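> I need the structure of the sequence given here:
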Amino acid sequence: MDPNDLAILAALEDGLPFIPEPFAEIGKTLGITAEEVLDRIKKLQESGVIRRFRARINQRQVGISANALVAWRCNKKSTDKTGAFLASFPSVTHCYERRPIPGRWDYSLYTVHHGRSREKVIEEVKKIADAAGLSDYLILFSTEEFKRVPHVRIKENGRGS
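Below is the predicted model:
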């Protein structure tokens, strides 16, 4: 990667400008054409530096203001199977495992949910809990967003992150 590739990645990380020709605008700041910007992006994708290219919506501006982290307590033996099951629901945007602290915090699986109202999120979580056969969970709603970071990851030394 050269300085232009790094500058393109930085520009993509900030989001494309909402104008008719965003790649021409990026190219203009670098002294290259829109076609060269697109060619470089394609090469970065082919090499695996850019894993995906997608739109990121400001959820709150489109009415999605009920954001929750759900902590699930489940049987250690079935964590992988249960995690895969929870992750299969379209309303689950993230699903991951963390090591519990026995006697202090016994929850090991976590899912993230977004909705237009707390009631709808709670309803969806209850449906998932029933389907998964899980009765011990906590729904933790966010009250304020302090920081949101783009999901651009750059490979270093040939290894993905």
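> pretty sure R99 is touching S108, no?
Yes - judged on Cβ atoms under 8 Å, R99 makes contact with S108 at a distance of 7.1 Å. Where C-beta positions appear, they are placed from N, C-alpha and C, glycine not excepted.
> of these two, who's got more company?
S108 (19 against 7; other Cβ atoms under 10 Å).
> Tell me how far T93 lies from G48.
23 Å (Cβ to Cβ, to the nearest Å).
> Can you tell me the SS state at L12?
helix (DSSP: H, G, I helix; E, B strand; the rest coil).
> what about it, how many neighbours?
18.
> Run the chain-centre distance for the top helix by length along the chain.
For the chain, the longest helix by residue count, based on DSSP state H, is helix 118-132. The chain centre lies 21 Å from the centre of helix 118-132; the measure is Cα atoms, centre = their mean, to the nearest Å.
> now for that helix, which elements pack on it?
strand 66-72, helix 79-87, strand 109-115, strand 137-141 (3 or more Cβ pairs under 8 Å, 6 or more residues apart in numbering; DSSP states H and E).
> Using a markdown table, please lay out these together with mean neighbour count, distance to K28 and mean pLDDT.
Below are these laid out as a markdown table (neighbours: other Cβ atoms under 10 Å; distance: least, Cβ to Cβ, whole Å; pLDDT from 0 to 100):
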| stretch | mean neighbour count | distance to K28 | mean pLDDT |
| --- | --- | --- | --- |
| strand 66-72 | 20 | 37 | 96 |
| helix 79-87 | 16 | 42 | 94 |
| strand 109-115 | 20 | 36 | 96 |
| strand 137-141 | 15 | 43 | 98 |
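> Which of the ones you listed sits closest to E35?
strand 109-115 (37.1 Å; Cβ to Cβ).
> and the nearest residue to L16 once chain neighbours are set aside, how far is that from I41?
Excluding the flanking residues, the one nearest L16 by Cβ to Cβ, 6 or more residues apart in numbering is P22, at 4.1 Å. Shown here: P22 relative to I41, a distance of 11 Å by Cβ to Cβ.
> Fine, thanks again, bye for now.
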